[in-house]
Every structure is written in structure tokens, then in C-alpha cells.
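>>> I would like to see how this sequence folds:
(2 chains)
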Amino acid sequence: MKSFKIITLVLISMVMVACSSGPKISYGDATAVETTTIGFGSTDLQSIAAKMVDDLIAFPPIVQMTAQRRPVVFVDKIKNKTTEHIDTESITDTVQTKLLQSGKFRFVDMTAVKAVQEQMQFQMDSGMVDPAKAVAFGKQTGAEFMLYGNMSSIVKRNSSAQDVYYKFTMKLVNLETGIMEWAGEKEIRKSGEKSFF
Amino acid sequence: MGYLKIEPWLKIKQWLKIEKGLCRTLLAGMLSATLFGCAVNETATVVVDGDQATQIIETNSGVLADSLRISNTHTGYAGDLLKVQATITNDSNDHLDFRYKFKWLDKNGFEIAVDGRPWTPMLISPYESKNVQAVAPDPRANSFKILLQN
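Predicted coordinates for the structure are as follows:
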């Protein structure tokens, strides 16, 4: 009986130590399903980006178009029509990175235009750069396509439950002709019970 | 100070004397919590080689492995990118809530775009089949894996 009590006490202390003095900070899987709150989260961002990229690069006319060349694309902002603050640039960044890595598209980065302009101005005007090696103005490639989209949500709640539905739409438009070459859509539904504590 | 130090110990000693059965229950509970609390999620894996389309299913024992079946894997190409589809079937009488993830490998077995795809949640009704599709991140991919996790 004595040894039985000792084992019990040792186990109690082990569990208490494990629960109370364990590490408070830990690394997790960045691709794991995250359901901390019902709001827009990392899983939603990752699944939207994966679906958009899969749809775009497997769409037959796009497959045909990218078979021989890598079209240049400009990414516009995603309009956030939801009631939440969502960093939509983060979604387009992920989509852009995946498309670039697929080897099917090239991009012009409009977020870096000012910095590029400053650098070119420095090369031309500062007198510190060999004019023969300075980057020439007016040689940049114009985008052939524009990628843009919308994000909207419908939120419903009652006294005990809440439901959120997200709809993400992305479109690829030919800048010269104005023809929409591709559109993709991803829907997400999340439901949760309201906590009273 | 002495009072503060001694009292909790006495309380535990008195409490331990209350009932032997209670101690046993507590011990069993703690043992099971220690054993199963940190259980690793079971995983089923399918590997399809691009040309031969051979399938290797690796399952660990458990509810998910017993209830879910991966079948009818199809491969094709969108241009030079590997496009795949697999059917996940629920052979049980329960609604199953699980997640799946694709991994891509090149011809030498190196994983491409590590952590490039997220775990995707999926709900499946009793005896229902659902198809999951994905396109390889770049032309180097010639085989893939599907991981299932509960």
C-alpha cells in the first residue's frame, strides 16, 4: 500500500509539473488547420491560394497559352467586402509566389515601382554610376494581363450559434482586349457555437 | 511559514487515506491521460509514380484507417504539370471530420515546395465518396502523396 501511494504521488507531481511548468511557447505546423476563432484565418488564406493557383494553371486555354511563353501579369488588389479586416495583399502575395514558382507566369511588381524609380534616378543623376552600365529608362516590359478579385462574406448568428460564409473570386483579364480569360472561385463555410464563458 | 509548508502535505496524506479505490481510479485516469493525451494522429499515405501509377497504401491502426479508403487515383497532365485526383470513401456508418494534404515529389524522391499545401479540412457522410484534386506546383513533380489525419 505504501509503494502504491508513492507511485500515485509521483504521478500526481509528474502531471502537475508537466501541466504547470511546461513551455508556454512552442512552434506549430504553419499548414495545420487553425480554428482559434470563426474569423478569417491562416487555413482560409492557404486554401484560397491553393485553389486559385490550381484552377488557373490547369484551365485549358491558360495551359495552351503558357505552353510556349510566360505571360507578364500585373496583380491588382483584392477588394475586401467583408466586415473583417483582412490583409488581402497577403493572399495575392501567396498566389503570385505560387504562380511564379510554377514557371508559367512572370509578374511586374507595382508595389516596388517607387523604389525602382529612385534607384534608376540614382543611377542616372548621382554621377556615381558608370553611364555605360546604368540601367536605361523606358525598357521595362508592360503587363499583358491583370489579376484581381473580390472577397465577400455573409455572417449570421443567433443566441447560440454563428455561421460565416466567405466567397473569394479571382479574375484574369487581358489588358489589351479587355477579355476576361479566366475566373476562379473559392467558397468557405465556418460554423461555431457561441461560448458563454 | 512552517504551517504553510506542512499543511498541504498533511492534507494529501489524509486524502490518500480516504479510499484505496479512489486512488486506483485516479491512478488509472492519469495513466490513460499520459498515454493517450499526446497520441500522434494516424496517417494514411498513397504514393503514385507518374508513369506507372503504382499505389502504396500505408495506414496506421485506428478509427480513421479503418473507416476511410483512398481509391481510384487518377493522374494526368495540365501542360507539363502533374494533375491528380483521388477518391476518399467513408466505409463507416459515422460522419467523419478529418483533414488531408498533398505532397509532391520529384523523380528522385525529393519533396517539392515543402509545406506548399495546407492541411484541408473535410467532412464526409456515412458511405459517401468524395474526390480531391490538386495540380503539382511545378513540372519537376512526378509523384505525389495524400496524407489523411484526424
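
>>> quick one: what helix or strand has the residue nearest the centre of chain A in it?
Computing the C-alpha centroid of chain A and ranking residues by Cα atoms, centre = their mean puts A:Ile91 first, at 2.5 Å. Per DSSP states H and E: A:Ile91 is located in helix A:88-102.

>>> Tell me who's in contact with B:Leu105.
Counting by Cβ atoms under 8 Å, 6 or more residues apart in numbering or on different chains, B:Leu105 makes contact with B:47, B:111-112, B:141-145. For the C-beta atoms, the positions are set from N, CA and C on the backbone; glycine is no exception.

>>> I'd like to know which of the residues you listed is nearest to B:Phe102.
Closest to B:Phe102 out of these is B:Phe144 (5.8 Å), distances taken as Cβ to Cβ.

>>> I figured the closest one hits B:Trp104, correct?
Yes - in terms of Cβ atoms under 8 Å, B:Phe144 counts as a neighbour of B:Trp104; the distance is 5.3 Å.

>>> Now A:Glu144: phi and psi?
The phi/psi pair for A:Glu144 (degrees, to the nearest 10) reads phi -100, psi -30.

>>> Could you list the domains of chain B?
B:2-36, B:44-149 (automatic domain parsing).

>>> Lowest average confidence across these, which one?
Lowest mean pLDDT within the domains of chain B: domain B:2-36, a mean of 48.

>>> which residue sits closest to B:Ser92 in space, ignoring its chain neighbours?
Closest residue to B:Ser92 apart from its sequence neighbours, by Cβ to Cβ, 6 or more residues apart in numbering or on different chains: B:Ser67 at 3.8 Å.

>>> and that neighbour, how many neighbours?
18 (other Cβ atoms under 10 Å in any protein chain shown).

>>> quick one, what contacts it?
B:Ser67 neighbours (Cβ under 8 Å, 6+ apart): B:90-92, B:94, B:96.

>>> Of those residues, grab the buried ones for PyMOL.
Selection of buried members from these for PyMOL, criterion 16 or more other Cβ atoms under 10 Å in any protein chain shown:
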select buried, chain B and resi 90+92+96
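
>>> where along the chain do the strands fall?
No chain in the question, so chain A it is. For chain A, applying DSSP state E gives strands covering A:72-80, A:106-108, A:145-157, A:161-174, A:180-193.

>>> that's the other chain; I wanted chain B
B:44-49, B:55-58, B:68-78, B:81-90, B:96-106, B:111-112, B:120-124, B:129-135, B:141-149.

>>> Kindly reformat those as CSV containing distance to A:Met146.
Below are those laid out as CSV (distance: least, Cβ to Cβ, whole Å):
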stretch, distance to A:Met146
strand B:44-49, 36
strand B:55-58, 42
strand B:68-78, 22
strand B:81-90, 23
strand B:96-106, 29
strand B:111-112, 29
strand B:120-124, 29
strand B:129-135, 22
strand B:141-149, 29
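
>>> where does chain A have low pLDDT?
Flagging of chain A using pLDDT under 70 yields the residue ranges A:1-4, A:6-22, A:195-197.

>>> related to what we said a few turns ago, out of the strands of chain A, which is closest to chain B?
strand A:180-193 (9.5 Å; Cβ to the nearest Cβ).

>>> Give the intersection of the neighbour lists for B:Phe144 and B:Trp104.
With Cβ under 8 Å, 6+ apart as the test, B:Phe144 and B:Trp104 both reach B:82, B:136.

>>> give me phi/psi at A:Ala143?
phi -70, psi 140.

>>> thinking A:Gln101 is in contact with B:Ala113, fair?
Yes - counting by Cβ under 8 Å, A:Gln101 does reach B:Ala113; the two are 6.9 Å apart.

>>> Now do the shared contacts for these two.
B:137-138.

>>> OK, contacts around the residue nearest to the centre of chain A?
Shown in contact with A:Ile91 (Cβ under 8 Å, 6+ apart): A:45, A:48-49, A:78, A:151, A:168.

>>> Quick check: the gap between it and chain B.
Distance of A:Ile91 to chain B, computed by Cβ to the nearest Cβ, to the nearest Å: 13 Å.
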